[in-house]
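In: Quick one, structure for this:
(one chain, ligands or ions: 1)
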Amino acid sequence: MDYKSQINISEVPSHVAIIMDGNGRWAKKHGKPRIFGHKNGVLSVRSVVEGAGEIGLKYLTLYAFSTENWKRPKVEVAALMQLLVATISNEVSALNKNNVRLLTIGDLKSLPGNCEKELQKAMEKTKNNTGLSLVLALSYSSKSEIINAVKSISKDVSEDKLKVEEISDKVFDTYLDTNLMNDPELLIRTSGEYRLSNFLLWQIAYAELYFSDKFWPDFTKEDLFEAIVDYQNRERRFGMTSEQL
Ligand code: FPP
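Out: Residues are numbered from 1 along each chain as shown. Next up, the predicted model:
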């Protein structure tokens, strides 16, 4: 089934967020070490980024590493960081060729120095691109992001830069890592798990949720297109009735 031709291009969501899950189980299924799954996961990232560009998404946010992922075995964490550095440095020219801007959310400072440096370099090199913004969530925790926002707001209130009465959800948005983006209209999670895992908890208040049974390395742009078609067949009421829409 060709899902791409079923997409109404004038109504694609502008921001899709994905919890890429199942690399480890995919590797196990193939009798390989977990890192083999992560390496194949990079191919899915490439396919999905390509697909996102083809249908004109503005933002694609990928959950690449959570703060909780630091608890994984040291060798796996090291291999993931190494893979990230290699992937970013290999892909920068392709990102530029495809007019993709790289952004990150999360605590970049907690990443190994070479990893942070490679990311900063790639963000600098792609900053003028005007097509898709690819947002990598790295060492990311939604609860930490919200707490940091509360701390910054408290500081601004105590320094008379902001009045308590002025705090609204719109103002709160501006204190989050995602302040430059609109909220995701669609959140996808792969691997048949039904959890949010501390990802964009504030921002997905009204997102449509889509769960795929495929492990991430089996997920391609065609699966992204299928999710978008599913999204476009839903009625988003934002608390109103069908008749009011
Ligand atoms: C989840 O699978 C995947 C991750 C924690 C890492 C995702 C990383 C990549 C796809 C590779 C690098 C990414 C970029 C953006 C270059 P899991 O390990 O939790 O799988 P499991 O639940 O089956 O164990």
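In: interface residues of this structure facing the ligand?
Out: 20-25, 38, 41-42, 45, 62, 64, 69, 83-84, 87, 136, 216 (C-beta under 6 Å from any ligand atom). Using the backbone N, CA and C atoms, a C-beta is placed for each residue, glycine as well.
In: biggest helix in this structure by residues?
Out: Identified as the longest helix of the chain according to DSSP state H is helix 74-97.
In: Which parts of the chain are helices?
Out: Listed from the start of the chain, the chain has helices (DSSP H) covering 23-29, 34-54, 74-97, 113-126, 142-158, 169-173, 221-232.
In: End to end on stretch 180-193, go ahead and measure it.
Out: End-to-end distance of stretch 180-193 (C-alpha to C-alpha, to the nearest Å): 29 Å.
In: which one is Thr220 nearest to, not counting chain neighbours?
Out: Ser47 (4.5 Å; C-beta to C-beta, 6 or more residues apart in numbering).
In: swap that for Phe36, sorry
Out: With C-beta to C-beta, 6+ apart as the criterion, Phe36 has its nearest non-adjacent residue at 4.5 Å, and that residue is Ala27.
In: Then Met1?
Out: Nearest to Met1 is Glu226, by C-beta to C-beta, 6+ apart, at 7.9 Å.
In: and the residue nearest to Phe36, what does it touch?
Out: Ala27 makes contacts with 33-38, 40, as judged by C-beta atoms under 8 Å, 6 or more residues apart in numbering.
In: Could you rerun that using 6 Å?
Out: Counting by C-beta atoms under 6 Å, 6 or more residues apart in numbering, Ala27 touches 34, 36-37.
In: And for Glu222?
Out: Contacts of Glu222 (C-beta under 6 Å, 6+ apart): none.
In: Check the one 5 residues further on too.
Out: Ala227 is in contact with 188, 210, counting by C-beta under 6 Å, 6+ apart.
In: before we move on, the earlier item: would you convert the helices of the chain into a markdown table that also reports mean pLDDT?
Out: Shown next, in a markdown table, are the helices of the chain (pLDDT from 0 to 100):
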| stretch | mean pLDDT |
| --- | --- |
| helix 23-29 | 98 |
| helix 34-54 | 97 |
| helix 74-97 | 96 |
| helix 113-126 | 97 |
| helix 142-158 | 98 |
| helix 169-173 | 97 |
| helix 221-232 | 97 |
